[in-house]
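**Q** just need the structure, nothing else, for what follows:
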Amino acid sequence: MTRTRTILGLVAALTTTLSLPALADNPAVNARQAQFTLYSFNVGVLAQMAQGQMDYDAEMAQAAADNLYHLTRHDQSRLWPEGTDNESIAGTRALPAIWDDLEGFAGRYSALQDAAAAMQEAAGTDLASLQGALGGLGGTCQACHQEFRGPAE
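**A** Have a look, this model is predicted:
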């Protein structure tokens, strides 16, 4: 079972990596995009379970939720330097609105941290708890993307 999980994880990671657009030529942008890829990977595990595309596995769900929780606690201070928005450099979807409304952006990130904490509490409990927490988590992602993320190129 563990070997199968490892293989599936590697396949999913490789698929995600191969489908990514070219990264910006900026270490801060590269780091934040890598971090968001890790968010997406872990949320994907939880969403597949919630939608019945993968059997619910409390241990795997808890690991994904723990990963997400810890990723959202990563220091963001060096990942968002001015001049790394999509109007200033290529290879990013970050809108200038982030720097125009840093307080609002920080609020959205705080909401993500709260939703990740709620998911961490729920994920390993049972499928219904995971499903309930996923709505809040997805809502925080969507709200931030609508306001601060540009369209795919």
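**Q** which residue sits closest to the residue nearest to the spatial centre of the chain, ignoring its sequence neighbours?
**A** Most central in the chain under CA atoms, centre = their mean is residue 39, positioned 2.5 Å from the mean C-alpha point. Leaving aside its sequence neighbours, residue 39 sits nearest to residue 71 (CB to CB, 6 or more residues apart in numbering; 6.0 Å). To be clear about C-beta, it is placed using only N, CA and C from the backbone, and glycine gets the same treatment.
**Q** hang on, the one you found packs against residue 38?
**A** Yes - in terms of CB atoms under 8 Å, residue 71 counts as a neighbour of residue 38; the distance is 5.6 Å.
**Q** so the residue nearest to the centre of the chain is in which element?
**A** Assigned by DSSP states H and E, residue 39 falls within helix 27-50.
**Q** what about the residue nearest to residue 39, which SS state?
**A** State at residue 71, reduced to three classes by DSSP: H, G, I helix; E, B strand; the rest coil: helix.
**Q** where do the helices sit along the protein?
**A** Listed in chain order, the helices of the chain (DSSP state H) span 2-18, 27-50, 58-72, 97-100, 102-122, 127-148.
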